[in-house]
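K.L.:
The following comprises the amino acid sequence and a computationally predicted model.
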Amino acid sequence: MSKIIVVTPDSFGTERWRGVMQRAMPNHEVVAWQEGMGDTGAHYAVVWSPPEAFFLSQRHLKAIFNLGAGVDRILAAPGLPDIPIYRLEDAGMAPQMAEYVIHSLSSVSRGFDDYRQTQGQAKWSAKHATDYGEWPVGVMGMGKLGAHVARAVGDLGYPVAGWARSPREIPGVQVFHGDSGLAAFLARTRVLVNLLPLTAATRGIIDHELLSALKPNAMVINIARGAHVVDDDLLAALDSGHVEAAVLDVFNEEPLPQGHPYWSHPKVRVTPHIAAITLESEAARQISEGIARLERGEQASGLVNRTTGY
């Protein structure tokens with residue numbers, strides 16, 4: 001029996017996840033970390049945005065399991081020990097993200113946003129049928145989440161392509177890769193969906209140069225990290241008309257401050273980081289299976305490459 005320690009930014013979340021993990025692993029001891037706690041002797045940590053004192057106090061950890069697919073926060077954590085880190089590979093997030101993207105895309109391409117307005121005017125005004133060929137979608141980031149989103153959008157008939165740092169083979173999806181493939185990817189894309197990991201190479205990638213390379217009347221859907229976007233450049237592209245709509249679920253500062261231009265901009269839709277919410281039962285299953293593999297001397301899935309940052 002191994003000891004597992006859980007920590008999140010607040011005591012309520014920490015205790016809740018402790019209970020989730022204990023139920024998933026009844027043969028292990030799961031403890032909730034508290035401020036001022038000494039070394040518990042735990043071998044495995046289940047974490048989300050841990051405080052600096054956490055890693056300074058826990059000296060016997062063998063592996064860390066991150067309660068999310070994005071690992072930029074954990075990699076930046078002070079005192080992070082040189083031990084394996086594992087991330088969630090899906091945990092029920094892929095279908096939610098596909099649903100979010102499809103809802104956002106159809107609201108504009110099918111004119112559902114306009115129909116809400118004409119309803120308020122008691123106006124019966126049907127639009128022409130949508131030509132999906134006029135709405136080529138490009139998904140940046142071809143991990144499990146990005147690949148799922150790309151396939152789901154393509155199944156509806158929208159032309160879809162993906163872009164990744166390295167070559168990928170995804171049935172039904174044309175995948176561009178590397179710096180050499182980025183220009184061609186952007187030139188054929190009208191609807192840009194961002195699902196990239198946040199790394200030093202991708203921070204601020206959605207800037208004036210990238211936005212200008214998209215097809216006219218573009219749409220931007222960001223469900224990855226707010227720091228991928230240069231806010232002033234996106235606002236300028238919206239004001240110029242080159243980008244006709246932006247759906248933003250993540251932001252450089254969260255919660256999005258009151259008074260930020262995104263709140264009131266007529267071409268921006270804001271949601272509070274809810275595009276995909278981790279399902280507790282699925283996350284617990286992935287983590288418990290990962291710990292069981294490590295205990296057997298096997299490799300667990302979701303190992304983070306610290307060099308690439310994902």
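P.N.:
Structure's in. What do you need? None of these values were measured; they are calculated from a predicted model.

K.L.:
C-alpha only now, for contacts and for neighbours.
P.N.:
Fine.

K.L.:
so who does residue 152 touch?
P.N.:
residue 98 (C-alpha atoms under 8 Å, 6 or more residues apart in numbering).

K.L.:
and what of residue 28?
P.N.:
Applying C-alpha under 8 Å, 6+ apart to residue 28 gives the contacts 1, 2, 3, 4, 22.

K.L.:
If we use 7 Å, what do you get?
P.N.:
Residue 28 makes contact with 1, 2, 3, according to C-alpha atoms under 7 Å, 6 or more residues apart in numbering.

K.L.:
Per-residue confidence, the nearest residue to the second one once chain neighbours are set aside, what does it come out as?
P.N.:
Closest residue in space to residue 2, ignoring its immediate chain neighbours: residue 28 at 5.6 Å, by C-alpha to C-alpha, 6 or more residues apart in numbering. On pLDDT, residue 28 comes in at 96.

K.L.:
I'd like to know how far residue 28 sits from residue 257.
P.N.:
42 Å (C-alpha to C-alpha, to the nearest Å).

K.L.:
Run through the helices of the stretch 151-300 of the chain in chain order.
P.N.:
In the stretch 151-300 of the chain, the helices defined using DSSP state H, counting those that start in this stretch lie at 178-187, 208-213, 231-240, 261-264, 280-295.

K.L.:
quick one: average pLDDT of stretch 188-204?
P.N.:
Averaging pLDDT along stretch 188-204 gives 97.

K.L.:
Give me the distance between it and the centre of its chain.
P.N.:
11 Å (C-alpha atoms, centre = their mean, to the nearest Å).

K.L.:
gap between the two ends of it?
P.N.:
First residue to last in stretch 188-204 (C-alpha to C-alpha) measures 21 Å.

K.L.:
how about it: buried residues?
P.N.:
188-199, 203-204 (16 or more other C-alpha atoms under 10 Å).

K.L.:
repeat for stretch 160-178
P.N.:
Buried residues in stretch 160-178, counted by 16+ other C-alpha under 10 Å: 160, 161, 162, 163, 164, 165, 168, 173, 174, 175, 176, 177.

K.L.:
ok, and the closest non-adjacent residue to the spatially most central residue of the chain?
P.N.:
Centroid-nearest residue in the chain, with C-alpha atoms, centre = their mean: residue 224, separated by 3.6 Å. Nearest non-adjacent residue to residue 224, counting by C-alpha to C-alpha, 6+ apart: residue 195, 4.8 Å away.

K.L.:
Verify the contact between that neighbour and residue 144 for me.
P.N.:
No. The pair residue 195 / residue 144 is not scored as a contact, 10.0 Å apart, by C-alpha atoms under 7 Å.

K.L.:
Would you mind measuring from the closest residue to residue 280 other than its chain neighbours to residue 173?
P.N.:
Spatially, and ignoring its direct neighbours in sequence, residue 280 is nearest to residue 20 (7.0 Å; C-alpha to C-alpha, 6+ apart). Distance of residue 20 to residue 173, computed by C-alpha to C-alpha: 37 Å.

K.L.:
go on, residue 100?
P.N.:
According to C-alpha to C-alpha, residue 100 and residue 173 sit 19 Å apart.

K.L.:
circling back to that earlier point, so the residue nearest to residue 280, which of the three states?
P.N.:
Three-state assignment for residue 20 (DSSP: H, G, I helix; E, B strand; the rest coil): helix.

K.L.:
For the protein, just list every one of the strands.
P.N.:
Using DSSP state E, the strands of the chain run over 3-7, 29-32, 44-47, 63-66, 85-87, 137-140, 160-164, 174-177, 191-194, 218-222, 243-248, 268-270.

K.L.:
sorry, back to before: looking at neighbours, which among the contacts of residue 28 is most surrounded?
P.N.:
Most neighbours among the contacts of residue 28, by other C-alpha atoms under 10 Å: residue 3, with 16 neighbours.

K.L.:
quick one: contacts for that one?
P.N.:
Counting by C-alpha under 7 Å, 6+ apart, residue 3 has contacts 28, 29, 30, 42, 43, 44.

K.L.:
same thing but at 10 Å, please
P.N.:
In this structure, residue 3 makes contact with 27, 28, 29, 30, 31, 40, 41, 42, 43, 44, 45, 61, judged by C-alpha atoms under 10 Å, 6 or more residues apart in numbering.
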